[in-house]
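Novice: here is the input, now give the coordinates:
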Amino acid sequence: MYLLAIKSFYRYIPGGEIVVLDDGSLTGADRQLLAAHLPDATVTPLADIATAPCPRGGCWERLLYILDRSDNNYVIQLDSDVLASDPIPEVTDAIARNTSFTLNSGGGMGIETLEQAAARVAGYSEEHLQPAAEQKLPLLPPEAGGRLYVRGSAGFAGFARGRHARGQAEAFSVAMQALLGSRWAEWGSEQIASNYLIANSPGGAVLTWPTYACFEPNLDPALSRLLHFVGSWRFDRGVYASRARRLISELERETVS
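Specialist: Purely as a prediction, here's the structure:
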């Protein structure tokens, strides 16, 4: 799936280095396969990435590594369950303008104030970390950073060169931990931080939905250029498999030509 994701995406952007983050599960055979298809890619172990004072695990290594790299590079985070099926001009434009972006988590989810974000989930159960954290966003102290937020998806996000710093994520994380205690270490806190950082980045934007979307049953895939096939939705209606087969055929023709 990762090879499909990176090849579907990489053919539409103007080059750039590929970095694969290894959570420790890559075998020798996996590395050989990656090297055969992506000979210039760098493989970086998650275990080598320091996270304190932010949580460890839950993709925090990924976010902090991106922020460190974004000092001198435009960095795009791409999950292995993403497929691009057509050109992605909004993404290439963001790279050219050096502005950050995030994938939308649904229709109408734009950048909003912390107060608006909290009001949107005021009646939601706090069982899941995301609404529990979003309800507390207005309580963030000034030292945490900006006053904007977006309910995006960290599965596909762009971080502009020179506009993000690890210190921003650390300040936000420390403030949220003070509000949520040990719950801040739960799965999902990294995505909340990613959403917050991009919303408060100069020129930060949310990609147009449903042109860029998280795939789910009510979505018409014909309207989308790039889809994030989260979890079991990748088996719905055979859309992922159909697009994967189309991609493989297109890549084969491109290789021959």
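Novice: which residues sit in contact with Leu26?
Specialist: Contact analysis of Leu26 by C-beta atoms under 8 Å, 6 or more residues apart in numbering lists Val20, Leu34, Val43. For the C-beta atoms, the positions are set from N, CA and C on the backbone; glycine is no exception.
Novice: mind checking the SS state of it?
Specialist: Classification of Leu26 by DSSP: H, G, I helix; E, B strand; the rest coil places it in coil.
Novice: which of the contacts of Leu26 sits closest to Glu254?
Specialist: Of all the contacts of Leu26, Glu254 sits closest to Leu34, with 19.8 Å by C-beta to C-beta.
Novice: now the closest one: how far from Gly123?
Specialist: Separation of Leu34 from Gly123 (C-beta to C-beta, to the nearest Å): 45 Å.
Novice: ok, now Arg97?
Specialist: Taking C-beta to C-beta, one finds Arg97 at 38 Å from Gly123.
Novice: tell me where the model's unsure across the chain.
Specialist: 257 (pLDDT under 70).
Novice: quick one, helices of it?
Specialist: Assigned by DSSP state H, the chain shows helices spanning 2-10, 28-37, 60-69, 89-97, 114-120, 129-134, 166-180, 189-199, 239-256.
Novice: could you export those as CSV, including mean neighbour count and distance to Leu219?
Specialist: Below are the helices of the chain laid out as CSV (neighbours: other C-beta atoms under 10 Å; distance: least, C-beta to C-beta, whole Å):
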stretch, mean neighbour count, distance to Leu219
helix 2-10, 19, 18
helix 28-37, 12, 29
helix 60-69, 21, 26
helix 89-97, 15, 18
helix 114-120, 17, 21
helix 129-134, 21, 20
helix 166-180, 18, 30
helix 189-199, 26, 20
helix 239-256, 13, 9
